[in-house]
Structures are given as C-alpha cells and as structure tokens.
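1. Mind folding the following:
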Amino acid sequence: MSTATRPAPPARPAYDVERLRRDFPILSRRVHGKPLVYLDNAATTHKPSAVLGTVRTFYEHSYANIHRGVHELSVEASEIYEKARERARAFVNAAEAREIVFVRGTTEGINLVAQTYGRANVGRGDEVLITALEHHSNIVPWQILCEEKGARLKIVPIDERGQVRIDELEKLLSEKTRILAVSHVSNALGTANPVGRIVALAHARGVPVIVDGAQAAPRIPVDVRELDCDFYTFSGHKMYAPTGIGVLYAKAKLLEAMPPYQGGGDMISSVTFEKTTYNILPFKFEAGTPNIAGAVGLAAAMDYLGAIGMDAVEAHEDDLLSYATARLSAIEGLTILGTAEHKAAVVSFTLEGVHPHDIGTVLDREGIAVRTGHHCAQPVMDFFKVPATARASFGLYNTREEVDALARGIEKVQEMFRP
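-> Residues are numbered from 1 along each chain as shown. From the prediction side, this is the model:
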C-alpha cells in the first residue's frame, strides 16, 4: 500500500474585499449623489453577479415546473432543484438531503415547526421556552401555539450585555418544557449565543431545540450535526440569495412523525375523497409549486460563499466589528447596546438627544443605509429602556473606509441636532 500523503487542497486567495465588491453591481450606484454605503445587511443582503446570472440562465434555458413532468425541461428543472437541496444539505452538514425542506424563509420555517411539531406535542399545562433576545418571528408563532393549546410561554432573561442567562435557562428547563426556541445570532444586538451548550442542556432534559439561524448562516460556519440541534432554519435573502426562499433543516425522525404543514400538490402520494396519503420526505412539507428559481439562486449563493470560505467571511466581519466598535465608541454621546463577549458584525446604538429615525434620515442623505426602529425585537428594546436604535450591520463586501464614513455621518448628525 502506498504511503504517499494526499496533497493539501489548494489555498484560497487572500481576502480581497475590493475584488468582492466588484461582484455586486448595486454597490457601484450613488444615493443622493453620494457613493452607496450599505450597512443594512442584517435586514437583507445584496446579490452578486454569480447569483443574478444563475437565476437568469435558469429562467432562460431550463425553467419548467418540477416533479412528475416527463418532458425534458421538467426533468432538467427537477434535477437542478434537487441539486440545490443537496447543496443546502452540504452547507449545513445535514446527514441526508431529505432533512432539508425548502421554505419561504426563517419565518415560515419557525411557523412550520410550531404548527406541526408544536401542535402534535404541546398540550394544556405544557411550556414552550424562548429567550428574551428573540426576533418577533421566534416569539409570535409560539404565542399563537400556547394560546391555542393552553400552554405557557416561558422566557429566558438576558443580562445588561445582551447575553442569554444560561444559569436561568437551566432553572427554566423542566419536565413541562416541550420545545426550546433560540436564535443563533441576535438580529437586534449581534449577540452570538452558545447554541451547542444550550442544545446540550436542553437535550439532557429531553427537550428538542429549534435554532433561528437567519443571522448566523450568512457569516459563520454552521454544522447542524455538531450543534446537534433538532431544527435549524434560515433565509436566503440574508445570505446573498434571492428573496422568498429559505431552508428548514430537521432531523429525519422528527419530520417523519410530524403532520404536514399545508395541503396541496406534490405533498401527496395519493388522493381520494375518502383518504389522502402523504408523500415521502421532504416533499410532505412542500405543498404547491415552490420557488424553484429561488432555490437555484440559493445554491449559487452557497457556492459563492463556499468559494470565499465561511471562515474568511467570519474573520473579515469580525475585523469590521472590532473597528466599528472602537470607532463609534469614541463618539461622545453614542451608546452601543449589546456588548456580548461573542458577537456578530452588528452595532446597535443610540445617540444622545437624537431619535434613531432622525439618525437614519440624515445618514441616508450621505448615502449611508442603516436600519432604524425596534428591529422586530421590541422586548429587547424594552429591556434596554429605549424605543428604538440605529443599527449598522456589516457584510462580506463592507470596508473599514465605510465604517469611517458612518462615523463622519454620525458626527454630522450631532452637528445638525446640537442645541
């Protein structure tokens, strides 16, 4: 047997943000006569030419409705769609492609679990556990379920740095807990939760865990088998893919036991007026014509991120976070909310004497796009006793120079509103 060593994989090129920026056509435009500085990536990201071109090519050359068609275009489109599912499986390291359900986005993924697994497993007097960091999409579906079933929604508190209180989580997990829902990364503060530890604590009590990965999937490597979570869901549009497409990962044994989410075409095996039998996984949960081109675009975005390397994306965004935190903290009267030890590239801040909406409006006139408001996380705002914040969130194409532009813009806001 040969003792030759396997050659090392070719090294990825050094991170060249200026080269990457050229992949995104919209970044060359001007807003109010100023170069666009797009710092609203936690809300949605822009699309590289590779994604735009892949979707266009699919529509121009291979588009047809998928599954059950015998003509060439349908067969071809079906193969492309299922290759996209396999790409999603690899992206999160799921064990099987049938554990990947295409949904419209994170919101639908959470609702699917709440209305299928939740309805089947939560009853009167039971408890559903979430954290005080959650986006409304990971609050309201559980409220609806608890109201319907007579269950209780329990909240794991956070501390002054915006970190989940793990000690309180351990206390709240009980024999009544039927599911725990937690964000991987907070959209409002950028807090990166210790999901692996949280899952282990929940599983020790026999409690399944659903993870909202909307803010994590675009910027950090995700391995659902390493996390051992039961459900993981994320949106394409936050990770450089089209809108209206997302992924719900779930362990196959759970999906097998769960009832369908919606009824219609493709989720059935046979239908009579007396009885319907359901399709195999994952099609049981994909009623109707799906967002075929969206899935194709999502796969292209995953290929794009894979070529860069998720570790490289994470390192670049970490650098921007460190630089922005230092740069903005030096501005008198500016307060950053959310100073967790582990954070993603999100800086949520207030400015003394200025409403966040005014901050956003003035920055927009400088060509700088930030998000202002409660960020669909009103309980977080309530905890910090503020009505809203301004939020700068960074992506793989942002630069330190754009952070400097943000700082100058904030100083201009102060000048305009100085008494």
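2. Where does pLDDT dip in this structure?
-> By pLDDT under 70, the weakly predicted segments of the chain are 1-12, 265, 267-272, 274, 276, 278-279.
3. Name the residue closest to the centre of it, please.
-> Centroid-nearest residue in the chain: Ala214, 0.9 Å away (criterion: Cα atoms, centre = their mean).
4. I'd say that one and Ala188 touch.
-> No - applying Cβ atoms under 8 Å, one finds Ala214 not in contact with Ala188, separated by 12.0 Å. C-beta here means a position set from N, CA and C on the backbone, and glycine is covered the same way.
5. any residues in contact with both of those two?
-> Taking Cβ atoms under 8 Å, 6 or more residues apart in numbering as the contact rule, Ala214 and Ala188 both touch His135.
6. So for stretch 408-419, what gets flagged as buried?
-> By neighbour count on 16 or more other Cβ atoms under 10 Å, the buried set for stretch 408-419 is Gly409, Ile410, Val413, Gln414.
7. So which residues make contact with it?
-> Contacts of stretch 408-419 (Cβ under 8 Å, 6+ apart): 328, 331, 333-334, 351, 353-354, 358-359, 362-363, 366, 368.
8. How about Arg197: what's its closest non-neighbour residue?
-> Using Cβ to Cβ, 6 or more residues apart in numbering and skipping residues adjacent in sequence, the residue nearest Arg197 is Ile166, 7.0 Å away.
9. what's the neighbour count on that neighbour?
-> 14 (other Cβ atoms under 10 Å).
10. Got the phi and psi for it?
-> Backbone torsions for Ile166, taken as degrees, to the nearest 10, come to phi -60, psi -30.
11. re earlier: the residue nearest to the centre of the chain in helix, strand or coil?
-> Classification of Ala214 by DSSP: H, G, I helix; E, B strand; the rest coil places it in coil.
12. what separates the residue nearest to it when sequence neighbours are not counted from Leu321, distance-wise?
-> Using Cβ to Cβ, 6+ apart and skipping residues adjacent in sequence, the residue nearest Ala214 is Thr106, 4.2 Å away. Counting by Cβ to Cβ, to the nearest Å, the separation of Thr106 from Leu321 is 22 Å.
13. more neighbours, these two?
-> Thr106 (28 against 20).
14. ok, that one - contacts?
-> For Thr106, the contacting residues are Ser137, Asp212, Gly213, Ala214, Thr233, Phe234, Ser235, Gly246, by Cβ under 8 Å, 6+ apart.
15. So what does it look like in phi/psi?
-> Dihedral pair for Thr106: phi -60, psi -40, per degrees, to the nearest 10.
16. on that earlier part again, specify which member of the contacts of stretch 408-419 is nearest to Ala307.
-> Ile368 (28.8 Å; Cβ to Cβ).
17. Distance of the closest residue to His184 other than its chain neighbours relative to Gly353?
-> Nearest non-adjacent residue to His184, counting by Cβ to Cβ, 6+ apart: Ala216, 3.6 Å away. Remark: distance between Ala216 and Gly353 (Cβ to Cβ) = 35 Å.
18. For the two, indicate the residue with more neighbours.
-> Neighbours around Ala216 and Gly353, counted as other Cβ under 10 Å, are more numerous at Ala216. The numbers are 23 against 12.
19. Could you double-check that the more buried one lies in contact with Asn187?
-> No - applying Cβ under 8 Å, one finds Ala216 not in contact with Asn187, separated by 10.3 Å.
20. quick one on the thing from earlier: how about the residue nearest to His184, what does it touch?
-> Each residue near Ala216 by Cβ under 8 Å, 6+ apart is listed here: His184, Val185, Ala192, Val222, Phe234, Ala344.
21. Repeat that for Asn121.
-> Contacts of Asn121 by Cβ under 8 Å, 6+ apart are Arg178, Ile179.
22. next one: Ala241
-> Ala241 touches Lys47, Val51, Gly294, Gly297, Leu298, Ala300, Ala301, Met302, counting by Cβ under 8 Å, 6+ apart.
23. In three-state terms, how would it be classified?
-> Quick answer, by three-state DSSP: Ala241 is coil.
24. out of everything not next to it in sequence, what's closest to it?
-> What sits nearest to Ala241 in space, not counting adjacent residues and going by Cβ to Cβ, 6+ apart, is Ala301, at 3.7 Å.
25. does Gly125 really touch Ser174, like I thought?
-> No - the criterion here is Cβ under 8 Å, and Gly125 misses it with Ser174 at 11.5 Å.
26. so Ile80 sits right up against Val296, yeah?
-> Yes - contact criterion Cβ under 8 Å: Ile80 and Val296 qualify, at 5.9 Å.
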